[in-house]
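Novice: mind looking at a prediction? Sequence and model below.
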Amino acid sequence: MTPNPLLDIRIGTMVRANLDDPAAYVKQILPLGFESIQPFFWQTLGGKDLPLLAGQIGEAIGDADVTVSSLGVFGNPLESGEVDRGVLKAWETVIDNAHLFGTSMVSGFTGR
């Protein structure tokens, strides 16, 4: 019998990485049964230290069967305003640090 790839889809949720303590939030929602999470940022990183955050989230997950599916950045890096330049910097930093979270995927949206 051929395995059904649809049964391998993980149920996940997004976690605001700009929260004061996103790792505590991850720990709080683990009992709800999520199998994957996507830490995401709205526009900028808000001063977050990504290597530190990756360690904290990894520690919060512990030995639970939960993965970090991707990281997200939401904002418009295509314009040239101050906030837009911050969004672009956030994208660059998240791409460079995604591996620390155990993922190679970064997602988001842009627009004009």
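Specialist: In hand now; what should we look at?

Novice: for Gly47, grab the count of nearby residues.
Specialist: Neighbours of Gly47 under the rule other Cβ atoms under 10 Å: 6. In this view, the C-beta of every residue, glycine as well, is placed from N, C-alpha and C.

Novice: report the contact partners of it.
Specialist: Neighbouring residues of Gly47 by Cβ atoms under 8 Å, 6 or more residues apart in numbering: there are none.

Novice: which element is it on?
Specialist: Counting by DSSP states H and E, no helix or strand carries Gly47.

Novice: name the SS class of the residue most central in space within the chain, please.
Specialist: The centroid of the chain falls nearest to Pro39 when counting by Cα atoms, centre = their mean (2.4 Å). Three states are possible here, and by DSSP: H, G, I helix; E, B strand; the rest coil the one that applies to Pro39 is strand.

Novice: against Ser104, how distant is it?
Specialist: 14 Å (Cβ to Cβ, to the nearest Å).
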